[in-house]
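Novice: model the following, please.
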Amino acid sequence: MLERFGLTFSQEGTWVFHPKTVGGASVVFCGTAFKPPPWLKEKYGIDLTEEVEEIFREIPIQPLPDRLIGTAACKIMEGAVATGLDWKPLDKWIRPEKCRPNCGRCSLGCTVEGAKWTAREFVEEARKQGAELLTNTRVTRLLVDGGKAVGVEAESSVGRLNIHAQTVVLSGGGKANPLILQRAGLDKAGQGFFADPLWFVGGPSEYPGSIHDIPMTAGAHLEEEGIVMTDFTLSPTILAGFLAHAGAKGMASLPRVAGINKTLIIMIKVRDGLDGQINPDGSFSKPIDPETRKKLDQGAALAEEILVKAGVNRKKLFRTTTIAGHPGGTVRIGGLLDENCRTPIENCYCMDTTVIPEPWGLPPSVTVVAMAKRLANRLAGN
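Specialist: Residues are numbered from 1 along each chain as shown. A predicted model of the protein is given here:
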């Protein structure tokens, strides 16, 4: 489901996850929904009110009922409230009637069909309407004629294909879209992007641990500081990998993995800058600047206080390495894209996290799907 089995790193060593499957990041996201920030309308004139309302009705998106909020998430919420944070259940792309408590597999591909929404549902709907889905097929470049996109060139298991179309919408993700556009002569694609760096902070308790919970059921958004904090679920293998990558301090915490069944875990995700670039050979640079590290430290210190109030021994707390969740802004609105996500190449559009115009720091799924609905309406002439 992930490029290089999840082992993708920037030139500076930042661990960045890049989904590579039908449905993209929605297959491995935790199903947490944040509405678009007000500045998207105020600064860029993009009003997604109707599209967001439509999404919330369709799924429907809502906080999970109490029966699906696990023991660890409840203990973390109690600790956060005691710390003075506005910590509460979050909106989820999850259908409660189909969801199983104590599953914790949202980010590993939901095991209950139809419980967690993914973009594959839209793909299947399109196929029923006559769309053709080509898997194991890699788009290598745009086909351009007279400054207009007329299709794409792709490599597949049966050889090279030229796929012609009146409209091309690139949805390859934060790394792939810039490469395709660079090959079409748009050298500024991939110059600067955000990656929403995150840390995990955890520690052993006397309660059932976060591994049993649905991840990100509750949390707090410190908007001014650019920090989001939630409970989280990590498997023993993934936690061990994160700790090992954290260097000597992380390696010293590796024995904590043995007690993961009773480990409480908090994720801290922060809004970073538009540093770094996507290189023509597919490698990329993404430095973590001092201001971003300061936010991570601030969030981690808060998480430690929450966990101590939830019953974790302060001396047994641990932090993981820096990881990045969803690279975006590589082909931004206000840069290479107009407000309708159209590139300088006529008939060619982008639609995924690459279009987001400024550093984000939030789960982007609602905004991306709402933007996609908005673009679809325009392309359909509505």
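Novice: isn't Gly174 right up against Ala324?
Specialist: No - using C-beta atoms under 8 Å as the test, Gly174 is too far from Ala324 to be in contact (9.8 Å). Just so you know, the C-beta spots here come from the backbone N, C-alpha and C atoms, and that holds for glycine as well.
Novice: packing partners of the least confident helix or strand in the chain by mean pLDDT?
Specialist: One helix or strand of the chain scores below all others by mean pLDDT, DSSP states H and E: helix 248-252, with a mean of 75. Secondary-structure packing of helix 248-252 (3 or more C-beta pairs under 8 Å, 6 or more residues apart in numbering; DSSP states H and E): helix 236-245, strand 318-319.
Novice: quick one, strands of the stretch 1-150 of the chain?
Specialist: Assigned by DSSP state E, counting those that start in this stretch, the strands in the stretch 1-150 of the chain fall at 15-16, 62-63, 88-89, 91-92, 138-145, 148-156.
Novice: which one of the ones you listed lies closest to Glu132?
Specialist: Comparing those against Glu132 with C-beta to C-beta, the closest turns out to be strand 148-156 (12.4 Å).
Novice: which is the succeeding secondary structure element to that closest one?
Specialist: Scanning forward in sequence from strand 148-156 by DSSP states H and E, the next helix or strand is strand 159-164.
Novice: what strands line up against that next one, and which way round?
Specialist: Strand 159-164 sits in its sheet next to strand 148-156 (antiparallel), going by DSSP bridges.
Novice: buried residues, the strand it pairs with. List them.
Specialist: For strand 148-156, the neighbour count (16 or more other C-beta atoms under 10 Å) marks 149-154 as buried.
Novice: bridged to Val139, which residues?
Specialist: Counting by DSSP bridges, Val139 forms beta bridges with Ala154.
Novice: residues in contact with it?
Specialist: When the contact criterion is C-beta atoms under 8 Å, 6 or more residues apart in numbering, the partners of Val139 are 152-154, 170, 172, 176, 180.
Novice: go through those and say which is closest to Lys92.
Specialist: Nearest to Lys92 out of the contacts of Val139 is Gly172 (C-beta to C-beta; 26.5 Å).
Novice: would you confirm that that closest one contacts Ala189?
Specialist: No - Gly172 sits out of contact with Ala189 when judged by C-beta under 8 Å, with a separation of 11.5 Å.
Novice: how far away from the center of its chain is the next helix or strand after the least confident helix or strand of the chain?
Specialist: Of the helices and strands lying after helix 248-252 in sequence (DSSP H and E), the nearest is strand 263-270. Taking C-alpha atoms, centre = their mean, to the nearest Å, the mean C-alpha location of strand 263-270 is offset from the chain mean by 15 Å.
Novice: residues contacting the next helix or strand after strand 263-270, please?
Specialist: Moving toward the C-terminus from strand 263-270, the first helix or strand encountered (DSSP H and E) is strand 277-278. Outside of strand 277-278, the residues within contact range by C-beta under 8 Å, 6+ apart are 174-175, 178-179, 182, 189-193, 284-285, 330.
Novice: and Pro63, how far from Ala149?
Specialist: Between Pro63 and Ala149 the computed distance is 42 Å (C-beta to C-beta, to the nearest Å).
Novice: could you pull out the buried residues of stretch 372-382?
Specialist: The neighbour-count criterion (16+ other C-beta under 10 Å) identifies 372-375 as the buried residues of stretch 372-382.
Novice: redo the residues you listed as TSV? Include pLDDT.
Specialist: Rendered in TSV, the data for these read as follows (pLDDT from 0 to 100):
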residue	pLDDT
Ala372	97
Lys373	97
Arg374	97
Leu375	97
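Novice: among those, which are located in helices?
Specialist: 372-375 (DSSP state H).
Novice: so which of the residues you listed comes closest to Arg120?
Specialist: Of all those, Arg120 sits closest to Ala372, with 14.1 Å by C-beta to C-beta.
Novice: got a list of what the closest residue to the closest one other than its chain neighbours touches?
Specialist: Setting aside the residues directly before and after it, Ala372 is nearest to Met351 in space (C-beta to C-beta, 6 or more residues apart in numbering), at 5.2 Å. Contact criterion C-beta under 8 Å, 6+ apart gives 169-171, 341, 368, 371-372, 375 as the residues in contact with Met351.
Novice: how many neighbours does the closest residue to Thr21 other than its chain neighbours have?
Specialist: The shortest distance from Thr21 to any residue that is not its chain neighbour, by C-beta to C-beta, 6+ apart, is 4.6 Å, and that residue is Met1. If you count neighbours by other C-beta atoms under 10 Å, Met1 ends up with 17.
Novice: Met1 and Val168: what is the separation?
Specialist: Between Met1 and Val168 the distance, using C-beta to C-beta, works out to 25 Å.
Novice: for Leu302, same thing?
Specialist: 45 Å.
Novice: helices along the stretch 51-200 of the chain, start to end?
Specialist: Taking DSSP state H, counting those that start in this stretch as the criterion, the stretch 51-200 of the chain contains helices spanning 71-83, 120-128, 176-183.
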